[in-house]
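have a look at this fold, sequence not included:
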């Protein structure tokens, strides 16, 4: 849910330079939380913000996020440009049977509010 500026603001983080983007070859998988997993022909959508290293470290130092690791990924911004973004992913993806319906509903609401109307269905 860290693509939601309101969630980031509640953590004391001022997200700047918001851009809608997607990454090829990755799919969102939701367990107790969300992560991206490699999948051929998949596309994962989300937001890219300019955050400092200190802000990222503070976000991912929270309880329950210890297993996330930073990894650079290439994304295409909706304006057509490409950039490398830092993405925090789980080293071991959750099993498909493990799902958090409440988290998924909150994520769906955020994506809709951010203008991702059909990309995540």
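Good, I have the coordinates. Given the structure is predicted, the values throughout are model-derived calculations rather than measurements.

looks to me like residue 32 is in a strand.
No - applying DSSP: H, G, I helix; E, B strand; the rest coil, one finds residue 32 to be coil, outside a strand.

which helices and strands does the longest helix anywhere in the chain pack with?
As assigned by DSSP state H, the longest helix anywhere in the chain is helix 101-113. In terms of contacts (3 or more CB pairs under 8 Å, 6 or more residues apart in numbering; DSSP states H and E), helix 101-113 is packed against strand 16-30, strand 34-50. All C-beta spots, glycine's among them, are computed from the backbone N, C-alpha and C.

now this structure, which segments are flagged as low pLDDT?
94, 96-98, 118-121 (pLDDT under 70).

list of residues touching the longest helix of the chain?
1, 3, 4, 7, 30, 32, 33, 34, 45, 119, 120 (CB atoms under 8 Å, 6 or more residues apart in numbering).

quick one: which of those residues is nearest residue 100?
residue 32 (5.1 Å; CB to CB).
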